[in-house]
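# A structural model of the following input is requested.
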Amino acid sequence: MGKKSLETKIVTAGRSAKWTQSLVNPPVSRASTIVFESVKEMKQATANRKNQALFYGRRGTNTHFAFQDAMVELEGGVGCAVYPCGTAAITSAILSFVKAGDHILMVDGVYEPTRDFCDKILDKMGVETTYYDPMIGEGIRDLIKPNTTVLFLESPCSITMEVQDVPTLSRIAHEYDLVVMLDNTWASPINFQPFDHGVDISIQAATKYIVGHSDVMLGTAVANERCWAQLQENSYLLGQCTSADDIYLAMRGLRTLGVRLKQHEQNSLKVAQWLAEREEVDHVRHPAFESCEGHEFFKRDFKGCNGLFSVVLNRGNSEALTALLDGMEHFSMGYSWGGFESLILANENINSLRTVAKKDFAGPLLRLHIGLESADDLIADLERGFERLNAVLNK
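Next comes the predicted model:
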């Protein structure tokens, strides 16, 4: 068989005949109890329980196995664990590789619930967390302790969008036998290949671009040979499992991921370029722009971008931001992204979410997710929003 292109993989991954049963899509197989016809059959299933074989509903059904195969083919690695949300994927992956007395290194631009987990849960368990600047590069070596076990990356970072030098950080971490975990949600399975850059475990909030329709909570963690057995068993012991119906919707979303991301990228670049010329905007924090920290790593390592980026305004206050946000027609406010719809949020104090990589921004920050609407309609919506912002600021 010839080598498959990415576009073909998106369509064919996870569609082995053993899962599809001659259907185009793997059917929804719901199960809690798996029944056996003989003692011999039950013993064989028990012996094979860690593989893709029917044993107990929490281990998965053919629907799950098909999706796991697809994620492994698209991201790399050797196995995929699934979780009820992205945060569960993050916390379970970390818990699978730490114990009391350990120390982990966590990027300072990390997703806020990940930070809360470190500060409120790991701390009570006796696991120490050190936050590091996303752009630390070779300097990460100075933060590694004898009891450090995990280096956690998120690239680009949440909200402020710094792109990390993943190959350098991974290389140094492996010199000290650390497990390298990456929240790869922004890139999705197709715009950054984590295992080509030294990552051991790639984590996705599949809620976002994989599902793509803002109607399913789901998380994934794909691991390499070194980490798969431990991640798989510990996630199972933590009770993690997902609905076959949610997995089916994720698999359906996966089939259009490539074409959706291309449109998200096209729309976001057009909107971001327009924003960069606005007098209200201090700078654009989009990995494809030179004004974004780590842009050089984006150009070197990524295959493309998506619809999520931020802009920093020159000025603004709560009243003006409220006027901007409350009157939007095509942008809604919501604490997620990755769906077909456009979203907008404002942040007036990003430093409340940072420990060592604090920012000295000119004004407040707007985070935008550019959906699949007409980019011209979105630009017109933002232009009217700036008129409302300026009316308050200039009164």
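# report the buried residues of the lowest-mean-pLDDT helix or strand in the chain.
Across the helices and strands of the chain, mean pLDDT, DSSP states H and E gives its lowest value to helix 17-20, namely a mean of 82. Judged by neighbour count (16 or more other Cβ atoms under 10 Å), helix 17-20 contains these buried residues: W19. (Each C-beta comes from the backbone N, C-alpha and C, glycine too.)
# one more: stretch 258-276?
258, 260-261, 263-265, 267-272, 274-275.
# what sits up against that stretch?
6-7, 10, 188, 190-191, 209, 212, 281, 283-284, 286, 288-289, 291, 304-309, 311, 340, 368, 370-373, 375, 378-379, 382 (Cβ atoms under 8 Å, 6 or more residues apart in numbering).
# if any of the residues you listed are buried, give me the PyMOL selection for them.
To isolate the buried subset of the contacts of stretch 258-276 in PyMOL, counting by 16+ other Cβ under 10 Å, use the following:
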select buried, resi 10+188+190+191+209+212+281+283+284+286+288+289+304+305+306+307+308+309+311+368+370+371+372+373+375+378+379+382
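# which members of the contacts of stretch 258-276 occur in helices, if any?
L6, E7, I10, S188, I190, N191, A375, L378, I379, L382 (DSSP state H).
# got a list of what the fourth one touches?
I take that to be S188. Counted by Cβ under 8 Å, 6+ apart, S188 has contacts Q204, K208, Y209, I210, L257, L261, N306.
# surely the first one is in contact with I90?
The one in question is Q204. No. With contact defined as Cβ atoms under 8 Å, Q204 does not count as touching I90 (9.9 Å).
# and those two? Which one has more around it.
Q204 (29 against 26; other Cβ atoms under 10 Å).
# who does the more buried one bridge with?
Counting by DSSP bridges, Q204 is bridged to T220.
# got the confidence number for it?
Note for Q204: predicted pLDDT of 96.
# give me every residue that touches it.
When contacts are counted by Cβ under 8 Å, 6+ apart, Q204 touches 71, 75, 86, 89, 183-185, 188-189, 210, 219-222.
# now, which of those sits nearest A357?
D183 (16.0 Å; Cβ to Cβ).
# next up, the contacts around the closest one.
I90, V110, Y111, T114, F152, L153, E154, S155, I203, Q204, A205.
# among these, name the ones in strands.
Of the contacts of D183, the ones assigned to strands by DSSP state E are F152, L153, E154, I203, Q204.
# and which of those is nearest A173?
The closest of the ones in strands among the contacts of D183, once distances to A173 are taken by Cβ to Cβ, is L153, at 9.2 Å.
# please name the nearest non-neighbouring residue to the closest one.
Of all residues not flanking L153 in the chain, L182 sits nearest, at 4.5 Å (Cβ to Cβ, 6 or more residues apart in numbering).
# one more: E7?
G258 (5.6 Å).
# where's the one you found relative to V163, distance?
21 Å (Cβ to Cβ, to the nearest Å).
# packing partners of the host helix or strand of I94?
In this structure, I94 is located in helix 86-95 according to DSSP states H and E. Applying 3 or more Cβ pairs under 8 Å, 6 or more residues apart in numbering; DSSP states H and E, one finds that helix 86-95 makes contact with strand 79-83, helix 112-117, strand 179-183, strand 201-204, strand 219-223, helix 228-237.
# 10 Å instead?
strand 79-83, helix 112-117, strand 148-154, strand 179-183, strand 201-204, strand 219-223, helix 228-237 (3 or more Cβ pairs under 10 Å, 6 or more residues apart in numbering; DSSP states H and E).
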